[in-house]
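Novice: Pasting the sequence and the predicted coordinates here, then a few questions.
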Amino acid sequence: MKAKKTILIILIPVLLIALFAVKTLWNAGQFKRISQISLYRCVPVTGFPGPEDIVIDRTGGTALISFTDRRAAMAGTAHNAGIISYSLTTPGAKPVRVKTDFKGVFTPHGIHLYRAPDGTKFLFAVNMGMDSHFFESTGSSTVEIFAYRDGSLYHRGTVTGAELSSPNDILAVGPRQFYVSIDHGATSALGKKLENYLQLPISHILYYDGRRFIKAVGGIAYANGIAISPDGATLYVGATVGRKVHVYARNVQTGGLTEKESVPLGTGVDNLDVDEDGSIWAGCHPKLLSFVAHSKDAARRSPSEVVRIRSLEKGGYAVGRMYLNDGAELSGSSAAAAWRDRLLVGAVYDGRFLDCTLLPGKKLNDAER
């Protein structure tokens, strides 16, 4: 009898650990079969490492892309970082580094382009500063605000605060007003790992009203990309570990957010972008643990995925998978931004981004499921 009890005492914890491991692998997408899907013909654009986030100046058809050589940064060596521009209207265009008068350390992560009512353009950037790895923020992160004109960036201000403990993406709604995703509620390296693997929904969104930070909403499992509807009334937040997009009603006067619903995607959502017709585009990591392995070893591929979400008149959303690859063409996709029949796909670590053109005869709604 004692032997049976001893066996049970040993087996039950082992079984629980095994079940937890399987659940973790399942939720991370590790059992997914990756088959190539694409409505586009894509070509790689090289020259700048880690083109992580992409915004498009839709008045001129120019993309602005934040990049950082994260592998060099993680190794503690000098690393290349900044903003590049890429023309979507010039045949054979090459990415060009954008000049800026900013004097400090600038390692941009999430970015957003805001166009004021008078036509003035501002680029907002999450600046990781001296942080060697965006997963392990040391607290040196800031938000930098630039005027963007004539193809150059002119620094207009820095926003700091203890609240910027682990910033990821940013969404500007005024000349000094913005939302920023804080992707972890935990602050220590160990706490963040536990938060990720236990899939704890304790990250949040901050709103900066021009003077102070306000916690706009919480309860998100790894808050990542942020985007807004064309009318400014709806805000979207990608949950990487939660594998969904949260949809919030936005109070334009106060900046307050109220959750309306969520759209399950079954993939690790990274950055978001909204196109001309209001559709939401998401760069995604279909296998999250493969992405973690890729972050540590460039030889380990991480699949890339692009998902489009379209609001339906009758209510709800239609979801379409626009692109899926095992990582051979691009590893670790982090952003997707569409303009007319073009699609740009960024990556966290890869030394390229993709410039994709819609295939003849294809329609975007063909991919909806």
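Specialist: That came through, no problem. Since the structure is predicted, the reported quantities are computational estimates derived from the model, not experimental observations. Numbering: from 1, shown residues only.
Novice: can we go C-alpha only for contacts and neighbour counts from here?
Specialist: OK.
Novice: helix/strand/coil for Pro201?
Specialist: coil (DSSP: H, G, I helix; E, B strand; the rest coil).
Novice: Would you mind listing where the stretch 251-369 of the chain has pLDDT under the threshold?
Specialist: Scanning the stretch 251-369 of the chain for pLDDT under 70 picks out no residues.
Novice: in it, which spans are helices?
Specialist: Applying DSSP state H, counting those that start in this stretch to the stretch 251-369 of the chain gives helices spanning 288-296.
Novice: same check, this time on the stretch 51-200 of the chain
Specialist: Per DSSP H, counting those that start in this stretch, the stretch 51-200 of the chain has helices spanning 70-74, 189-197. These are given in chain order.
Novice: Outside of the last one itself, list whatever touches it.
Specialist: Spelled out, that is helix 189-197. Thr24, Glu136, His184, Gly185, Ala186, Pro201, Ile202, Ala221, Tyr222, Val241 (Cα atoms under 8 Å, 6 or more residues apart in numbering).
Novice: Considering those residues, which possesses the most neighbours?
Specialist: Counting neighbours by other Cα atoms under 10 Å, Tyr222 leads these with 31 neighbours.
Novice: coming back round to it: ranking the helices of the stretch 51-200 of the chain by burial, who's on top?
Specialist: helix 70-74 (a mean of 19; mean count of other Cα atoms under 10 Å).
Novice: model confidence over that helix, on average?
Specialist: Averaging pLDDT along helix 70-74 yields 88.
Novice: roughly how far is it from the heart of the chain?
Specialist: Remark: helix 70-74 is offset 18 Å from the chain centroid, using Cα atoms, centre = their mean, to the nearest Å.
Novice: With only the CA atoms kept, save it in CSV.
Specialist: Extracted in CSV, the C-alpha atoms of helix 70-74 (Å, rounded to 0.1, in the frame of the first residue of the first chain):
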residue,chain,number,x,y,z
ARG,A,70,19.8,43.3,-32.3
ARG,A,71,22.3,40.4,-32.5
ALA,A,72,25.2,42.9,-32.3
ALA,A,73,23.4,44.7,-29.5
MET,A,74,22.9,41.5,-27.5
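Novice: Now the residue nearest the centre of the chain. Nearest residue, chain neighbours left out?
Specialist: In the chain, the centroid-proximal residue (Cα atoms, centre = their mean) is Asn271; its distance is 2.3 Å. Spatially, and ignoring its direct neighbours in sequence, Asn271 is nearest to Gly225 (3.9 Å; Cα to Cα, 6 or more residues apart in numbering).
Novice: Can you name the residues in contact with whichever strand or helix holds that neighbour?
Specialist: In this assignment (DSSP states H and E), Gly225 forms part of strand 223-228. The contact list for strand 223-228, computed with Cα under 8 Å, 6+ apart, reads 110, 168-171, 179-184, 203-205, 234-240, 269-274, 280.
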